[in-house]
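**Q** pasting the structure only:
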């Protein structure tokens, strides 16, 4: 696949807003990256209207993939998977499966998107469970990539090891880091340090050939101590949402303070260039676009509430993953891990037969 | 015990700073609340020097409890518990055990403080494991109380139920709420909703007689959806530290932006009354003072990095817990729960014998 031809399938109906966000973001993206083509999955006439409304119906940057159904935000996974077989989600994932697209993206129901893309694309060899990864801005000016964020609530050490492999490959592809550092999320100084699964995972990671940093704590996410933080999906989901909640509270409180009376409003006006620069730095729309990893295809999940700018950032993520061959990277990493495990086993066998030979 | 006589034992040697914080905070507190007496545990001559240095050595507000050893921040729990039997921590906890004090507090090593206070005081009847609870400011202008924060990493549903009882009693005592709402921390819309333990806990909570709200998600902490949020200590610890890390990052970034060049500094100067008001609202020193719950005594843990103001807030927490009879509240709640469970069982037995009677 050449760089001059990146094809992204979009579930145009997904997200809180749907077409006005997804189609508009795709068009803007195509203007900026003329090498990108879009497959717009959804209600064909609604997509046509949206394109006409935006005055961008000339067909060189897109192709419509008609889909007669829409997965709703509150549809149970079973309904999305078994009853809506012609949903825009399903059609977008199928385009990757059929080799028509290099990546697919949806801003819809996360559970349904995970289930559908997993069902259609299947997992990579050596991966038992897909995981959800996202990047969180850190105080080093970069981003910390964290997984899993909710696809798997009960994980074994083997699962967490696989997440580490997938997360490393993602960071290499998205940020061009050759050997990203990997931290295992744990608790620190408190009474008991970590549960059994975490202890076993640390052992596996130490022997994995990955660039394992060791245990990290909750505050290392924003410190940017490591490139990749691995945890189970229950912890990851709760942590991410707690941080989102805190960020919303802080921003709402600050707005409210600058609106309390004319003097505060005047101060806010004068401080607005500084405050806007600050907001730009902590704007998490830039990091929109979680990756559903471990599948035989590049699958991106946008935040449901994404606006055109945020959805565009998620498209950027999809493009970079294709451009930097994320899947090849993941497959190679799995292969390398297997080989180093086999070598370690062979060495152990040789050493023990040597010992038993000498003992005999 | 009358309100006019609240006695708090302080591990004066604990925390990043030690005496200059703990003794100064106690003195200020005693000035504000002349009904409070302090038992100052630690190196007697060092405490005397600190008192003399502060010019407050008149002995009506305190008594010194000499202790020859100090638990260090990085002492393993075993060392703190088995080798340092005359530590200031141990002496402070023993004062509660011996009925000399109504509460004890330390800013030292959390693991050691939990182990020592548990060893000295033992757990309440009906409580298998103590838990650590703290309050986090929320956007309703109040605080959300969360537990466990790291004392227990592998919890059963029964443990989480006990945390809910202890957390409810704490909120009633600290904030005067008669029937606090309790939420169970879970993950939301993602693929699989909650692990097995969480599902079982929800079932127990529904039948507990507590004011159970249902599942809550990470962002409900700052939203202030419920008064008490229950989770296992691994999740709670990671969430709390992640939020602390984010808060530090945001505040550091904002400071940096207001220092970028003379114009920004001028804007910062003009906006400083607003920014200070904002900082006051999100100042988590006000909520310093985690409670170690489930013990036969009131035990408070201050942040190690607490300054005089923050340590004073933790003393306030200790005082309120004594004043509002936290232990009685917890014991009654456990008793009520047992009775309601017995009644439910009796009803079930009566119903089933009735059914079998009719069937015969």
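**A** Here it is on my side, so go on. Treat the numbers as computed from the prediction; the structure is a model and nothing was measured.
**Q** Please enumerate the strands of chain A.
**A** A:6-11, A:36-42, A:62-66, A:103-106, A:131-137, A:143-147, A:181-185, A:211-216, A:228-230, A:290-293, A:298-301 (DSSP state E).
**Q** mind putting those strands in a markdown table, distance to chain B, mean neighbour count and mean pLDDT included?
**A** C-beta here means a position set from N, CA and C on the backbone, and glycine is covered the same way. Putting the strands of chain A into a markdown table (distance: least, C-beta to the nearest C-beta, whole Å; neighbours: other C-beta atoms under 10 Å in any protein chain shown; pLDDT from 0 to 100) gives the following:
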| stretch | distance to chain B | mean neighbour count | mean pLDDT |
| --- | --- | --- | --- |
| strand A:6-11 | 16 | 27 | 97 |
| strand A:36-42 | 21 | 26 | 96 |
| strand A:62-66 | 25 | 19 | 96 |
| strand A:103-106 | 14 | 30 | 98 |
| strand A:131-137 | 8 | 25 | 93 |
| strand A:143-147 | 10 | 25 | 95 |
| strand A:181-185 | 6 | 24 | 96 |
| strand A:211-216 | 10 | 19 | 93 |
| strand A:228-230 | 10 | 31 | 97 |
| strand A:290-293 | 10 | 27 | 95 |
| strand A:298-301 | 10 | 27 | 97 |
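**Q** Could you export those as JSON lines, including distance to residue B:132?
**A** Converted to JSON lines, the strands of chain A look like this (distance: least, C-beta to C-beta, whole Å):
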{"stretch": "strand A:6-11", "distance to residue B:132": "44"}
{"stretch": "strand A:36-42", "distance to residue B:132": "49"}
{"stretch": "strand A:62-66", "distance to residue B:132": "53"}
{"stretch": "strand A:103-106", "distance to residue B:132": "40"}
{"stretch": "strand A:131-137", "distance to residue B:132": "26"}
{"stretch": "strand A:143-147", "distance to residue B:132": "24"}
{"stretch": "strand A:181-185", "distance to residue B:132": "19"}
{"stretch": "strand A:211-216", "distance to residue B:132": "20"}
{"stretch": "strand A:228-230", "distance to residue B:132": "23"}
{"stretch": "strand A:290-293", "distance to residue B:132": "32"}
{"stretch": "strand A:298-301", "distance to residue B:132": "35"}
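**Q** out of the ones you listed, which comes closest to residue B:177?
**A** Closest of these to residue B:177 is strand A:181-185, at 33.0 Å (criterion: C-beta to C-beta).
**Q** can you list the domain ranges for chain A.
**A** Structural domains assigned to chain A are A:1-122+A:295-324, A:127-291, following automatic domain parsing.
**Q** Residue A:338 and residue A:126 touch, don't they?
**A** Yes. When contacts are counted by C-beta atoms under 8 Å, residue A:338 is listed as touching residue A:126 (6.9 Å).
**Q** For those two, indicate the residue with more neighbours.
**A** residue A:126 (15 against 12; other C-beta atoms under 10 Å in any protein chain shown).
**Q** Give me every residue in the stretch 1-150 of chain A lying close to chain B.
**A** A:73, A:77, A:109, A:110, A:111, A:114, A:115, A:132, A:138, A:139, A:149, A:150 (C-beta under 8 Å from any C-beta of the partner chain).
**Q** Looking at the residues you listed, which is nearest chain B?
**A** Taking C-beta to the nearest C-beta as the measure, chain B lies nearest residue A:150 of these, at 3.2 Å.
**Q** That closest one and residue B:258, how far apart?
**A** 37 Å (C-beta to C-beta, to the nearest Å).
**Q** Next, the contact list for residue A:223, please.
**A** Residues in contact with residue A:223 (C-beta atoms under 8 Å, 6 or more residues apart in numbering or on different chains) are A:138, A:139, A:140, B:245, B:249.
**Q** since we're on the last one, how many residues are nearby?
**A** Just to be clear, that refers to residue B:249. By other C-beta under 10 Å, 21 other residues sit near residue B:249.
**Q** Same check on residue A:246?
**A** With other C-beta under 10 Å as criterion, residue A:246 counts 26.
**Q** elements contacting the longest helix along chain A?
**A** Longest helix in chain A by number of residues (criterion: DSSP state H): helix A:326-359. Counting by 3 or more C-beta pairs under 8 Å, 6 or more residues apart in numbering or on different chains; DSSP states H and E, the packing neighbours recorded for helix A:326-359 are helix A:157-175.
**Q** so what does the helix it packs on touch, helix or strand wise?
**A** With contacts taken as 3+ C-beta pairs under 8 Å, 6+ apart, helix A:157-175 sits against strand A:131-137, strand A:143-147, strand A:181-185, helix A:196-206, strand A:228-230, strand A:290-293, helix A:308-323, helix A:326-359.
**Q** Relative to residue A:105, which of the ones you listed is closest?
**A** helix A:308-323 (5.4 Å).
**Q** ok and that closest one relative to helix A:157-175, angle-wise?
**A** With axes from the mean of the first three to the mean of the last three C-alpha atoms, to 10 degrees defining the directions, helix A:308-323 sits at 100 degrees from helix A:157-175.
**Q** Deepest in the core, which of the helices and strands packed on helix A:157-175 is it.
**A** strand A:228-230 (a mean of 31; mean count of other C-beta atoms under 10 Å in any protein chain shown).
**Q** what does it rub up against?
**A** For strand A:228-230, using C-beta under 8 Å, 6+ apart, the contacting residues are A:144-148, A:160, A:163-164, A:167-168, A:170-171, A:180-185, A:201, A:216, A:220-221.
**Q** Next, find the distance separating residue A:289 from chain B.
**A** 16 Å (C-beta to the nearest C-beta, to the nearest Å).
**Q** nearest spatial neighbour of that residue, skipping sequence neighbours?
**A** Distances taken as C-beta to C-beta, 6 or more residues apart in numbering or on different chains put residue A:314 closest to residue A:289, at 3.1 Å, once the chain neighbours are dropped.
**Q** So residue A:44 is in contact with residue A:68, correct?
**A** No. Between residue A:44 and residue A:68 there is no contact under C-beta under 8 Å: 9.2 Å.
**Q** before we move on, back to that, figure out which of the helices and strands packed on helix A:157-175 is closest to residue B:288.
**A** Comparing the helices and strands packed on helix A:157-175 by C-beta to C-beta, strand A:181-185 comes nearest, at 24.9 Å.
**Q** Can you list the low-confidence ranges for the stretch 51-200 of chain A?
**A** A:189-194 (pLDDT under 70).
**Q** so who does residue A:156 touch?
**A** When contacts are counted by C-beta under 8 Å, 6+ apart, residue A:156 touches residue A:197.
**Q** Residue A:107 is in contact with residue A:89, correct?
**A** No. Using C-beta under 8 Å, residue A:89 makes no contact with residue A:107, being 10.3 Å away.
**Q** Give the intersection of the neighbour lists for the two.
**A** In contact with both residue A:89 and residue A:107: A:11, A:14, using C-beta under 8 Å, 6+ apart.
**Q** So which of the contacts of residue A:223 sit within helices?
**A** B:245, B:249.
**Q** Tabulate the contacts of residue A:223 in JSON lines, adding columns for distance to residue A:279.
**A** Putting the contacts of residue A:223 into JSON lines (distance: C-beta to C-beta, whole Å) gives the following:
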{"residue": "A:138", "distance to residue A:279": "17"}
{"residue": "A:139", "distance to residue A:279": "16"}
{"residue": "A:140", "distance to residue A:279": "19"}
{"residue": "B:245", "distance to residue A:279": "19"}
{"residue": "B:249", "distance to residue A:279": "14"}
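**Q** If anything else comes up later, I'll come back, but that's it for now.
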